[in-house]
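[1] Coordinates only, no sequence provided:
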């Protein structure tokens, strides 16, 4: 049985859960307690020596990093959320990498300073928030244009690219992101969050923690 390690307010670790549900991969879930630094303990480091979530164990294979886990799960299942065609897989990968580096990283920057820092007693860095918002304003238009076509980032069906975008945007409300300039993305996210693969993970971001 595949085991996925995650934390409910870590949007990188929600991505493999969404992928597993969308691809129909049977799996167990283990929540890692980040508040107690469980991810730095010996037991977890034996799974993921990077000491971060997410992680996956499947038989004798143990890996971290959300994108790698997502591709593995999609390939394992043979689901059409990914592709065996080299060209199409590259186009899907391109979107996933764009989202990870230019969308998720900056959502995370804003999320940490607006939501997590106050929660753990740290001072929010307003300049970091401003930088994150600046980069999102520069990069989200690419997403808005792509979704204005047939409602998918690549092709005419749900792929890893779409799922990566949903996971990246999970902290939309806790991070108080202003998406007024992106009505297509906003409506698309509402639709995606009603899908079975999303609802099988949670009803909304942070619901497991009472948010």
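    Arrived safely. Not measured: the values here are computed from a predicted model.
[2] Going by C-alpha atoms from here, please, whenever you check contacts or count neighbours.
    Fine.
[3] and the closest residue to residue 89 other than its chain neighbours, how many neighbours?
    Spatial nearest neighbour of residue 89, excluding adjacent residues (CA to CA, 6 or more residues apart in numbering): residue 83 at 5.2 Å. If you count neighbours by other CA atoms under 10 Å, residue 83 ends up with 19.
[4] tell me the SS of residue 83?
    Put simply, residue 83 is coil when judged by DSSP: H, G, I helix; E, B strand; the rest coil.
[5] any idea which element the residue nearest the centre of the chain lies in?
    Centroid-nearest residue in the chain, with CA atoms, centre = their mean: residue 167, separated by 2.9 Å. Assessed by DSSP states H and E, residue 167 sits inside helix 160-168.
[6] Name the residues that touch that helix?
    With contact meaning CA atoms under 8 Å, 6 or more residues apart in numbering, helix 160-168 is reached by 11-12, 14-15, 18-19, 70-71, 81-82, 92-93, 95-96, 99-100, 103-104, 107, 152-154, 189, 192.
[7] what about 7 Å?
    11-12, 14-15, 18-19, 81-82, 92, 95-96, 99, 103-104, 152-153, 189 (CA atoms under 7 Å, 6 or more residues apart in numbering).
[8] May I have the secondary structure class of residue 123?
    Applying three-state DSSP: residue 123 is coil.
[9] the longest helix in this structure is where?
    The longest helix of the chain (DSSP state H) is helix 126-147.
[10] Now do the buried residues in that one.
    Neighbour counts over helix 126-147 (16 or more other CA atoms under 10 Å) mark 129, 132, 133, 136, 137, 139, 140, 143, 144, 146, 147 as buried.
[11] Who are the packing partners of that helix?
    helix 105-111, helix 183-192 (3 or more CA pairs under 7 Å, 6 or more residues apart in numbering; DSSP states H and E).
[12] what element comes up after the first one heading to the C-terminus?
    If I follow you right, that is helix 105-111. From helix 105-111, the next helix or strand downstream (DSSP H and E) is helix 117-119.
[13] quick one: residue 112 from residue 176, how far?
    Computed as CA to CA, to the nearest Å, the residue 112 to residue 176 distance reads 11 Å.
[14] Have a look at the two and say which one is more surrounded.
    Counted by other CA under 10 Å, residue 112 and residue 176 do not tie: residue 112 has more neighbours, with 21 against 13.
[15] And that one, how close does it get to residue 86?
    Where residue 86 is concerned, residue 112 sits at a distance of 36 Å (CA to CA).
[16] Equivalent analysis for residue 189, please.
    Here residue 189 is placed at a distance of 28 Å from residue 86 (CA to CA).
[17] Where do the domain boundaries of this structure fall?
    Domain segmentation of the chain under automatic domain parsing yields 2-79, 86-199.
[18] export these to CSV and tack on distance to residue 205 and mean pLDDT?
    CSV is the format used below for those (distance: least, CA to CA, whole Å; pLDDT from 0 to 100):
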stretch, distance to residue 205, mean pLDDT
domain 2-79, 7, 96
domain 86-199, 6, 97
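[19] Save those domains as JSON lines, and put in distance to residue 207 too.
    Listed next are the domains of the chain as JSON lines, based on distance: least, CA to CA, whole Å:
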{"stretch": "domain 2-79", "distance to residue 207": "8"}
{"stretch": "domain 86-199", "distance to residue 207": "11"}
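[20] To residue 209, which of the ones you listed lies closest?
    domain 2-79 (7.6 Å; CA to CA).
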